[in-house]
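K.L.:
this one's structure only:
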């Protein structure tokens, strides 16, 4: 009898997982094709993630990657995505970084959706198929699309928030066993290990439920003891994380330049995706709430007036929307008017400094709002019948796929890199050279810099480019600016009949430990392109290789001389 | 200057959009020097006010080489950020692009070629998708409202 029941449960779970896998396939299409020559993204954070996965041992064990931002090396003491890094470390060479990313993009949302569905079923007694609404809303939403398209894919594997909520609901019940509190603490910890942002969200969720349990308890002492268990489990890792984050590593806190309104939700973005949203510099943020969830939440006070469990959920979902705007409520779509949002009250305090992307508060809205919507749908189904209510599942699916536009927005990136890099000496560094772009004109500098760090993970030569936003000296920028400055003026010396300034270039580069200069040809406008190429030819001789594969044309010059000078000392002396 | 048929468009990107005091570029051609202030107030054609890109458009003759001096001035004094003879390609408008950055020794200028903006149209497709989304939202509202009313009657 028990066996038959267990088999039925397993079959139901398998069917749920299969359903979410089908939705994930559609949501992240064409990722499921697992085409080894291509990967799909839109912005450039994925290159940094691939770099981190490639150097995961150095990142986790040493905190310094010496082969990027060469010769100074790159401070990586704050990797943030500990869960993904740990996964990469465990899997080792068995799963290459690109395959791991593909798996996370496809299967991460499935895990998230399943965890939310289980949270709905076990924590809030919502039966299938209505519990699927909670899963769809949390697993497949605008923030999941943004994480995929911008490339910070570690957000896509985050079942911890719904699991934490489930554990919190169970641990705050009077007389709950201690193991529920330990589970809550573990999920809270894992949320923080997924990303600092999800750690903050988990802390908000824990605060809501633990404080509520304390306030409503008849035996305050027993409740306090019960509620302190998750905190006791969470605190040790939280303290280590905070120490690493706030300066135990010697790394400075994030700069304020990114703490702009671009990381907040917009009114238009809460409604739908639109084609221009991905053309915006640096970001692909469109976070539609979904009309199914919105409407069901709007009717929840009427439908669920005799219940209490939905109240903290709806309050958390609503407050999270307000927080997601950041410091200003703006229309989006290029609109210029705005008015202050609640977080503006914190202006002048250090808190907004660490909330570059307040839009991520919407993870709580999707989780809590999805649960309220699922509960309301279950109530409607009880009143009017399942068949009349069933189209709500279709509404949720259309909200997830059509309003986020996820399958339409990804662009293919060639996994292959330009073959010219093969001509570079393996024991010396590569300097990537491209025309610069002032920040106000676009994000090309960051985009190409990150791309070259992806190239580095394939060609494996040290590079001067930095994979992470550096807060100290960026070696590539400094050397490239000095070199381009010389190259742009080299004809002056030829005209004067004096020894060209380019004659010193090769020695300077050799002393810096550089073995090759890779010119990204398409990224130089004419006539500067000709000037730079002629200057390099005068300084370093004819190019060793020119390639047109791997998505762009690379002209690679190999230095004819070597130097025994200490690259780090030379760099510090020159820059 | 022989003719004013050509121009040099001098542009300087200032990090973090800081105001660098007053920026002046001096162009010397065939022994004659012209001084031009770089501005970021939109008064130069193509300049967007207050975007951190300072611009001056300087007429030149037919020379292949001109002497360029970029000077920053403030209430304390002035400092020469760049002073070189520059090759001028045979074009009607020649761009001379600089990045200005603060260093321990004060402001420094690097002459680095710029990538032009590829442009971004945030509005693209916005009205149509918003209209469709609100239409969809209205249908959902009608449907859920109908279900709620039906449930009440029962």
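P.N.:
Nice, I can see it. Small disclaimer: the values here were computed from a predicted structure and weren't measured.
K.L.:
distance of residue A:211 from residue A:278?
P.N.:
40 Å (CB to CB, to the nearest Å). All C-beta atoms are positioned from the backbone trio N, CA, C, and that covers glycine.
K.L.:
find the nearest non-adjacent residue to residue A:198, please.
P.N.:
Counting by CB to CB, 6 or more residues apart in numbering or on different chains, residue A:198 lies nearest to residue A:191, which is 4.6 Å off, once chain neighbours are set aside.
K.L.:
can I assume the one you found is in contact with residue A:157?
P.N.:
No. Residue A:191 is beyond contact range of residue A:157, at 11.3 Å (criterion: CB atoms under 8 Å).
K.L.:
hmm, who's touching the helix or strand where residue B:85 lies?
P.N.:
When elements are defined using DSSP states H and E, residue B:85 is found to belong to strand B:78-87. Residues from elsewhere that reach strand B:78-87, judged by CB atoms under 8 Å, 6 or more residues apart in numbering or on different chains: A:488-489, A:491-492, A:495-496, A:531, B:64-72, B:96, B:98, B:100, B:106-109, B:111.
K.L.:
so which of those residues belong to strands?
P.N.:
With strands defined by DSSP state E, the entries of those inside them are B:65-72, B:96, B:98, B:100, B:106-109, B:111.
K.L.:
for the residue nearest to residue A:198, give me its contacts.
P.N.:
The neighbourhood of residue A:191, defined by CB under 8 Å, 6+ apart, consists of A:158, A:160, A:161, A:164, A:198, A:199, A:201, A:202.
K.L.:
what about it, helix or strand, and which?
P.N.:
Following DSSP H and E, the helix or strand that holds residue A:191 is helix A:178-194.
K.L.:
that older thread, of the ones in strands among the contacts of strand B:78-87, which is the most crowded?
P.N.:
Comparing the ones in strands among the contacts of strand B:78-87 on neighbour count, residue B:98 comes out first with 26 neighbours (neighbours: other CB atoms under 10 Å in any protein chain shown).
K.L.:
next one: that one from chain A, what distance?
P.N.:
The span separating residue B:98 from chain A equals 9 Å under the rule CB to the nearest CB, to the nearest Å.
K.L.:
tell me the contacts of that residue?
P.N.:
For residue B:98, the set of contacting residues under the criterion of CB under 8 Å, 6+ apart consists of B:10, B:11, B:12, B:13, B:70, B:81, B:82, B:109, B:110, B:111, B:112.
K.L.:
which residues does it form beta bridges with?
P.N.:
When bridges are called by DSSP bridges, residue B:98 pairs up with residue B:12, residue B:111.
K.L.:
isn't residue A:551 right up against residue A:418?
P.N.:
Yes. Counting by CB under 8 Å, residue A:551 does reach residue A:418; the two are 7.3 Å apart.
K.L.:
show me the contacts for residue A:228.
P.N.:
Taking CB under 8 Å, 6+ apart as the definition of contact, residue A:228 has no neighbours.
K.L.:
before we move on, the earlier item: now the helix holding residue A:191, how far from the chain's geometric center?
P.N.:
Taking CA atoms, centre = their mean, to the nearest Å, one finds the center of helix A:178-194 at 22 Å from the center of the full chain.
K.L.:
coming back round to it: for the strand holding residue B:85, buried residues please.
P.N.:
B:79, B:81, B:82, B:84, B:85, B:86, B:87 (16 or more other CB atoms under 10 Å in any protein chain shown).
K.L.:
how about CSV for these, with pLDDT added?
P.N.:
Listed next are these as CSV, based on pLDDT from 0 to 100:
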residue, pLDDT
B:79, 85
B:81, 87
B:82, 87
B:84, 82
B:85, 81
B:86, 82
B:87, 78
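K.L.:
okay, now the unreliable bits of chain B?
P.N.:
Residues of chain B meeting the criterion pLDDT under 70: B:1-4, B:16-20, B:118-122.
K.L.:
who does the longest strand anywhere in chain A pair up with?
P.N.:
If each strand of chain A is counted by residues according to DSSP E, the longest one is strand A:514-520. In the sheet containing strand A:514-520, its partner strands are strand A:429-433 (parallel), strand A:554-558 (antiparallel), by DSSP bridges.
K.L.:
other residues contacting the first one?
P.N.:
Applying CB under 8 Å, 6+ apart, the contact partners of strand A:429-433 are A:70-71, A:421, A:424, A:448-449, A:452, A:455-456, A:459, A:461-465, A:476, A:479-480, A:483-484, A:509, A:512-520, A:532, A:567.
K.L.:
need the residue closest to the centroid of the chain.
P.N.:
Using chain A. Ranked by distance to the mean C-alpha position of chain A (CA atoms, centre = their mean), the top residue is residue A:152 at 1.9 Å.
K.L.:
should've been chain B
P.N.:
The geometric centre of chain B, computed from its C-alpha atoms, lies nearest to residue B:53 (CA atoms, centre = their mean), at 3.8 Å.
K.L.:
could you give the bridge partners of it?
P.N.:
Counting by DSSP bridges, residue B:53 is bridged to residue B:13.
K.L.:
ok, it - contacts?
P.N.:
Applying CB under 8 Å, 6+ apart to residue B:53 gives the contacts A:438, A:440, A:441, B:11, B:12, B:13, B:14, B:40, B:47.
K.L.:
who are the contact partners of the closest residue to residue A:121 other than its chain neighbours?
P.N.:
If the residues on either side of it in the chain are set aside, residue A:121 comes closest to residue A:131, at 4.6 Å by CB to CB, 6+ apart. For residue A:131, the contact set (CB under 8 Å, 6+ apart) comprises A:117, A:118, A:120, A:121, A:374, A:378.
K.L.:
follow-up on the earlier one: buried subset of the contacts of residue B:53?
P.N.:
Among the contacts of residue B:53, those buried by neighbour count (16+ other CB under 10 Å) are A:438, A:441, B:11, B:12, B:13, B:14, B:40, B:47.
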